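In: Got a sequence here, can you build the structure:
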Amino acid sequence: MNETATTRVTDEAGVETTPDPNVRAIVQDGYGSADTLSVGVIPTPAIAPDEVLIDVAAAGLDRGVWHLMAGEPYLIRLMGYGLMRPKNPVPGADVAGRVVAIGNSVSKFSVGDEVFGIARGAFAEMAAAKESKLSHRPPNINSDVAAAAAISGITALQALTEIAAVETGQTVLVIGASGGVGSFAVQIANSLGAKVTGVASAAKAELVRSLGASEVIDYATTDYLDGMTRYDVIIDIGGRNSLRRLRKALNPKGTLVITGGEGGGRFTGGIGRQLRALMLSPFVSQRLTMFISKEHHSYIDRLAALMESGDVVPAVNERFGLADAPEAIRQLEAGQIAGKAVIVVESS
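Out: Next up, the predicted model:
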């Protein structure tokens, strides 16, 4: 059980106050569809010594929210998220807001700081987050935009800089370029000096171009993996292409980074394809990789710098109120959201 921090809580004017014992939140009693979600009241989260309490302004929506809501693939249940029902009944991880309380060992933040990053139970008026998973919000980025940044942004950042080590002049293919991770990957690859080609639907092509892609391919009309054009780096977020086809479009010494966990069965999802890539990689000239994003402020800080400079701007195209979170998830699942969507809990 978390230890409640011994610290002060302040209001907007900086006056010490007693926090509300209960807050509104999206809650879920069991795994299932968005119909299992509802607005409820929960106790204000307790914080451990290394955590802060955030007055949530907005929370980001990503595919991970859907997976943890549905409990699929079933492998995630065995990873500690709860066998029969979510261990944390409040969904959401991406967050932005104001620090209202700090744990005894917290040194990076003070009460009143505007932050963004990764919390637990972000679809609520108050959420707890580890100090190690937060950064200061850039002053030129609104909270509803910053809320969409951390998870997708650091995944794209690590894929491009640490795994693929993209260099100026290289060609990069981003599959799933109009989605959460993809919209960041296009911008980050462009900022690294790469020539970026994005794969998206025709309806979302203009968005991908606006993010910096020099070319956008409509996956519905073009076989972009036929080998006619080959790339130095392929970032596969779509999760449904076979390794054989991906390799056909990759340069002989190129790097494939699989970041999407979609596709596959209900038990393991896309992990089987990722493991096959790792097993095959030592026997071919191409580098076939996958990775699990590391959630740490060192990456969020780097992302914050890119956002402050304007090299990366989270592509937030949909905003929903807290009560509309179930509808937001339905639209995400149906592929109706381009870029990122956020749940606005209060005005930023």
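
In: residues near Ser281, how many?
Out: 17 (other CB atoms under 10 Å). All C-beta spots, glycine's among them, are computed from the backbone N, C-alpha and C.

In: Next one: Arg98 from Ile118, what distance?
Out: 16 Å (CB to CB, to the nearest Å).

In: ok, the two, which is more surrounded?
Out: Ile118 (24 against 21).

In: Just give the nearest non-adjacent residue to that one, would you?
Out: Lys133 (4.2 Å; CB to CB, 6 or more residues apart in numbering).

In: How about the contacts made by that neighbour?
Out: 117-119, 150, 295-297, 300 (CB atoms under 8 Å, 6 or more residues apart in numbering).

In: would you list the residues you listed in CSV and tack on pLDDT?
Out: Formatted as CSV, these follow (pLDDT from 0 to 100):
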residue, pLDDT
Gly117, 98
Ile118, 98
Ala119, 97
Ala150, 97
Glu295, 95
His296, 97
His297, 97
Ile300, 98
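
In: out of these, which are buried?
Out: Neighbour counting by 16 or more other CB atoms under 10 Å classes 117-119, 150, 295, 297, 300 among the contacts of Lys133 as buried.

In: So which of those residues belong to helices?
Out: Among those, the members found in helices (DSSP state H) are 150, 297, 300.

In: Just name the closest of those to Arg330, please.
Out: Ala150 (23.3 Å; CB to CB).

In: That closest one and Ala122 touch, don't they?
Out: No: counting by CB atoms under 8 Å, Ala150 does not reach Ala122; the two are 10.1 Å apart.

In: Overlap in contacts, the two.
Out: 60, 93-95.

In: Could you export the residues you listed to a markdown table, including columns for distance to Gly179, secondary structure and pLDDT?
Out: Formatted as a markdown table, the shared contacts of Ala150 and Ala122 follow (distance: CB to CB, whole Å; DSSP: H, G, I helix; E, B strand; the rest coil; pLDDT from 0 to 100):
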| residue | distance to Gly179 | secondary structure | pLDDT |
| --- | --- | --- | --- |
| Gly60 | 13 | strand | 97 |
| Ala93 | 16 | coil | 96 |
| Asp94 | 14 | strand | 97 |
| Val95 | 20 | strand | 98 |
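
In: that older thread, just put the contacts of Lys133 in TSV and tack on distance to Val56.
Out: Shown next, in TSV, are those (distance: CB to CB, whole Å):
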residue	distance to Val56
Gly117	12
Ile118	13
Ala119	8
Ala150	14
Glu295	18
His296	21
His297	18
Ile300	17
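
In: List the residues that contact Gly227.
Out: 248-249.

In: picking up where we left off before, just the buried ones from the shared contacts of Ala150 and Ala122, in ChimeraX syntax?
Out: For the buried members of the shared contacts of Ala150 and Ala122, the matching ChimeraX selection, counting by 16+ other CB under 10 Å, is:
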select :60,93,94,95
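
In: if we take the ones in helices among the buried ones among the contacts of Lys133, which one ends up nearest to Lys204?
Out: Nearest to Lys204 among these, with distances taken as CB to CB, is Ala150, at 22.4 Å.

In: could you measure the closest one against Thr222, distance?
Out: Relative to Thr222, and taking CB to CB, Ala150 is found at 33 Å.

In: Same check on Val99?
Out: 48 Å.

In: quick one: which of the two has more around it?
Out: More neighbours surround Val99 than the other of Val99 and Thr222, with 23 against 11 (other CB under 10 Å).

In: thought the more buried one was touching Phe116?
Out: No: using CB under 8 Å as the test, Val99 is too far from Phe116 to be in contact (11.1 Å).

In: Show me how the protein divides into domains.
Out: Per automatic domain parsing, the structural domains of the chain span 22-149+314-344, 151-290.

In: I'd like the buried ones among the contacts of Lys133 laid out as JSON lines, including distance to Pro89.
Out: Formatted as JSON lines, the buried ones among the contacts of Lys133 follow (distance: CB to CB, whole Å):
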{"residue": "Gly117", "distance to Pro89": "21"}
{"residue": "Ile118", "distance to Pro89": "18"}
{"residue": "Ala119", "distance to Pro89": "14"}
{"residue": "Ala150", "distance to Pro89": "22"}
{"residue": "Glu295", "distance to Pro89": "21"}
{"residue": "His297", "distance to Pro89": "26"}
{"residue": "Ile300", "distance to Pro89": "26"}
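
In: residue ranges with poor pLDDT in the protein?
Out: By pLDDT under 70, the low-scoring segments of the chain are 1-19, 73-76, 78-83, 239, 260-270, 347-348.

In: at 50 what do you get?
Out: Applying pLDDT under 50 to the chain picks out residues 1-8, 347-348.

In: now the helices for it?
Out: 63-70, 75-76, 143-146, 150-158, 180-191, 205-210, 243-248, 271-280, 297-309, 325-333.

In: May I see the ones you listed organised as CSV, with distance to Val216 added?
Out: Compiled in CSV, the helices of the chain are given as follows (distance: least, CB to CB, whole Å):
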stretch, distance to Val216
helix 63-70, 21
helix 75-76, 32
helix 143-146, 23
helix 150-158, 17
helix 180-191, 9
helix 205-210, 4
helix 243-248, 19
helix 271-280, 25
helix 297-309, 22
helix 325-333, 21
